[in-house]
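S.K.: coords please:
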Amino acid sequence: MSWEFFLIIIFGSLLILMASAIPVAFSFMLISIIGMYCFFGGSSGLEQLIISITTSLSTFVLLPVPLFIFMGELMFHSGMAPLLVETLDKWLGRVPGRLGLLAVSAGTLFATLTGTSMASTAMLGSILVPEMEKRGYKKPMSLGPILGSGGLAIMIPPSSLAVLVGAIGEISVGRILVAIIIPGLLMATFYSGYIILRCWLQPHLAPSYEVKHVPLSEKISATFRYILPLGLIVFLVVGVIFMGVATPSEAAATGTIGTAILALINGRLNWAVIKKSVVSTLEVTGMVLIIIAGATAFSQILAYSGATQGLCKFATELPVAPIMVIVFMQIIILFLGCLMDVVAIMMITLPIFVPIVNNLGFDPVWFAAMFLLNIEIAGTSPPFGMGLMVMKGVAPPGTTMGDIYRAALPFIYCDLIVMVLMLLFPKVALWLPGLMR
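M.R.: Predicted structure coming up:
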């Protein structure tokens with residue numbers, strides 16, 4: 001059987017299973033088991049599949065995942081988020097779109113602790129949306145900044161999805177975590193610029209209001225108490241990886257301890273918080289491991305069928321510049337982001353795209369950074385982005401999905417600008433990893 005025909009059978013079967021509401025990871029696993037048994041030696045094929053899955057789940061690379069997730073859960077359940085928002089609020093004056101800028105700055109900070117976009121969006125929405133409604137903010141300026149800023153959790157370390165991409169694509173996790181820093185900060189900068197410009201041109205979207213004067217001493221005191229310790233935790237996670245002092249796993253463990261100490265100092269850590277955080281971490285980690293198992297099984301069957309090698313050969317022999325192949329990949333991911341959830345996109349594309357990227361001679365870390373940005377866009381893309389669903393849950397009564405879609409679009413455009421910059425200037429993602437020891 002040719003690899004082309006085999007690939008058609010595989011993807012056709014996947015579409016049928018996913019249309020039957022079978023979870024994505026289980027769909028991939030089921031197809032892989034049937035394929036290995038029927039086409040690759042029966043029980044011996046299954047034995048090889050089990051060995052591959054066991055090896056992939058036992059790798060040291062996955063150790064940061066539960067630790068990063070636990071950091072975010074501690075942040076969420078301990079209730080430290082409102083304290084950080086309140087501190088940032090003290091520093092913002094009467095700038096256009098003040099609460100929108102607060103959402104971006106808080107989202108950037110939350111990204112360093114939550115590691116997941118849905119948790120960040122939920123926290124920002126529950127804290128800021130009621131205040132925005134009270135101040136008369138229109139939906140483009142109350143929902144949009146929170147949707148965009150929530151997605152920063154994917155593009156600012158520590159990012160659980162970055163670890164997942166590294167594990168599935170067999171790419172250096174430490175280099176990916178460092179590579180996404182500059183693109184993530186660029187996104188936050190573009191969001192802020194857009195908010196200021198639009199609120200200056202259309203003041204009715206974010207009416208100005210009287211801001212209570214806060215003494216400088218109070219601002220500094222709150223910053224030292226809440227913001228600087230967070231900065232130290234960020235350094236413990238990202239800085240030590242960048243300097244080559246610690247592995248991502250060691251950095252994640254240090255950051256988790258730092259987050260727990262910060263919650264304890266602020267009187268926010270108790271057994272109830274720990275229990276909720278541990279249970280949530282176990283649930284999410286279990287899901288991640290199932291995803292890894294499904295992706296590994298799918299990669300294995302693609303490799304054994306010759307599909308991976310065939311696709312690599314096809315891509316390298318195309319009569320176009322290699323960079324156009326990368327552009328085409330990004331377009332495919334953007335299209336899938338409008339129709340599928342993030343997990344399905346990762347499991348379908350990474351096992352195919354990463355070998356092609358390597359064959360074309362591009363840096364896989366650069367591709368991984370662009371892939372994560374694309375995944376961030378997928379999370380806010382109509383109609384099925386998970387960030388949109390979370391936003392619907394925290395939005396005020398009467399908010400329609402159409403309102404949320406329209407609010408998300410300008411921030412998706414900002415993301416696309418950053419993606420174009422990464423395509424044109426790979427150093428945007430590769431400069432910092434190039435400085436690593």
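S.K.: Need the nearest residue in space to Ile146, chain neighbours excluded.
M.R.: Counting by CB to CB, 6 or more residues apart in numbering, Ile146 lies nearest to Leu124, which is 4.6 Å off, once chain neighbours are set aside. The way it works is simple: take the backbone N, C-alpha and C, and place the C-beta from them, glycine included.
S.K.: close enough to count as contact, that neighbour and Leu147?
M.R.: No: checked against CB atoms under 8 Å, the pair Leu124 and Leu147 is beyond contact range at 9.0 Å.
S.K.: that older thread, ok, now which ones touch the residue nearest to Ile146?
M.R.: 103, 106-107, 110, 146, 149-150 (CB atoms under 8 Å, 6 or more residues apart in numbering).
S.K.: What of Met419?
M.R.: 330, 370, 373-374, 377.
S.K.: Nearest to the middle of this protein, which residue? Look it up for me.
M.R.: Ile154 (2.4 Å; CA atoms, centre = their mean).
S.K.: and the helix or strand containing that residue, what does it pack onto?
M.R.: Assigned by DSSP states H and E, Ile154 falls within helix 152-155. Counting contacts by 3 or more CB pairs under 8 Å, 6 or more residues apart in numbering; DSSP states H and E, helix 152-155 is packed against helix 98-114, helix 117-134, helix 181-201, helix 364-379.
S.K.: List the residue ranges of this structure that fall below the pLDDT cut-off.
M.R.: Scanning the chain with the threshold set as pLDDT under 70 gives 1, 93, 113-116, 437.
S.K.: related to what we said a few turns ago, which residue comes closest to the residue nearest to the centre of the chain once chain neighbours are left out?
M.R.: Using CB to CB, 6+ apart, the closest residue to Ile154 is Glu376 (4.4 Å).
S.K.: One more: Leu186?
M.R.: Excluding its sequence neighbours, the residue lying closest to Leu186 (CB to CB, 6+ apart) is Val418, at 5.1 Å.
S.K.: Give me the neighbour count for that neighbour.
M.R.: If you count neighbours by other CB atoms under 10 Å, Val418 ends up with 23.
S.K.: Contact partners for it?
M.R.: Per CB under 8 Å, 6+ apart, neighbours of Val418: 183, 186-187, 190, 373, 428.
S.K.: now that we have the residues you listed, which one has the most neighbours?
M.R.: Counting neighbours by other CB under 10 Å, Met187 leads those with 29 neighbours.
S.K.: quick one: that residue and Leu416 touch, right?
M.R.: No: look at Met187 against Leu416 with CB under 8 Å: they stay out of range, at 10.6 Å.
S.K.: same for the helix ranked longest in the chain, what does it pack against?
M.R.: For the chain, the helix that runs over the most residues, judged by DSSP state H, is helix 271-305. Packing partners of helix 271-305 (3+ CB pairs under 8 Å, 6+ apart): helix 3-19, helix 24-39, helix 43-57, helix 64-78, helix 160-169, helix 307-316, helix 342-360.
S.K.: Looking at those, which is nearest to Ala293?
M.R.: For Ala293, the closest of the helices and strands packed on helix 271-305 is helix 43-57, at 4.9 Å, according to CB to CB.
S.K.: quick one: buried residues of that closest one?
M.R.: Of the residues in helix 43-57, 45, 49, 52-53, 56 count as buried by neighbour count, 16 or more other CB atoms under 10 Å.
S.K.: got CSV for these, with distance to Phe384 too?
M.R.: Output for the buried residues of helix 43-57, formatted as CSV (distance: CB to CB, whole Å):
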residue, distance to Phe384
Gly45, 34
Leu49, 30
Ser52, 31
Ile53, 28
Ser56, 28
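S.K.: any idea which of the contacts of Val418 is closest to Ile69?
M.R.: Leu373 (21.1 Å).
S.K.: in terms of contact, does that closest one touch Leu186 like I think?
M.R.: No: proximity of Leu373 to Leu186 does not meet the contact threshold set by CB under 8 Å, at 9.9 Å.
S.K.: Let me have the contacts of Met419 in CSV, adding distance to Pro23 as columns.
M.R.: Listed next are the contacts of Met419 as CSV, based on distance: CB to CB, whole Å:
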residue, distance to Pro23
Gln330, 27
Met370, 27
Leu373, 26
Asn374, 22
Ile377, 23
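S.K.: closest to Gly136 among those?
M.R.: Looking across the contacts of Met419 and measuring by CB to CB, the closest to Gly136 is Ile377, at 29.7 Å.
S.K.: and the residue nearest to the closest one when sequence neighbours are not counted, which of the three is it?
M.R.: Nearest in space to Ile377, with sequence neighbours left out and distances taken as CB to CB, 6+ apart, is Asp415 at 5.0 Å. Here Asp415 is recorded as helix under DSSP: H, G, I helix; E, B strand; the rest coil.
S.K.: Look up phi and psi at the nearest residue to Pro203 once chain neighbours are set aside.
M.R.: Leaving aside its chain neighbours, Pro203 sits nearest to Pro96 (7.0 Å; criterion: CB to CB, 6+ apart). Dihedral pair for Pro96: phi -60, psi 130, per degrees, to the nearest 10.
S.K.: what separates Pro96 from Ile195, distance-wise?
M.R.: 8 Å (CB to CB, to the nearest Å).
S.K.: More neighbours: which of the two?
M.R.: Set Pro96 next to Ile195 and count neighbours by other CB under 10 Å: Ile195 wins out with 28 against 19.
S.K.: Do I have it right that that one meets Arg98?
M.R.: No: with contact defined as CB under 8 Å, Ile195 does not count as touching Arg98 (9.3 Å).
S.K.: any residues in contact with both of the two?
M.R.: Common neighbours of Ile195 and Arg98 (CB under 8 Å, 6+ apart) are Ala206.
S.K.: thought the residue nearest to the centre of the chain was touching Leu164?
M.R.: No: the pair Ile154 / Leu164 is not scored as a contact, 10.5 Å apart, by CB under 8 Å.
S.K.: Can you get me a residue count around Gly193?
M.R.: 12.
S.K.: Now for Phe235, how many residues are close by?
M.R.: 17.
S.K.: Distance check, it against Leu63.
M.R.: Phe235 sits 20 Å away from Leu63, going by CB to CB.
S.K.: CA atoms of the helix holding Ile154 as PDB?
M.R.: Provided in PDB are the C-alpha atoms of helix 152-155 (Å, rounded to 0.1, in the frame of the first residue of the first chain):
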ATOM      1  CA  LEU A 152      -0.100  35.600  26.400                       C
ATOM      2  CA  ALA A 153       0.200  32.700  28.800                       C
ATOM      3  CA  ILE A 154       1.100  30.600  25.800                       C
ATOM      4  CA  MET A 155       3.800  33.000  24.600                       C
END
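S.K.: just how off-centre is that helix within its chain?
M.R.: 5 Å (CA atoms, centre = their mean, to the nearest Å).
S.K.: Give me the contacts around that helix.
M.R.: Outside helix 152-155, the residues within contact range by CB under 8 Å, 6+ apart are 107-108, 110-111, 114-117, 119-120, 159, 161-162, 180, 183-184, 187-188, 372-373, 375-376, 379.
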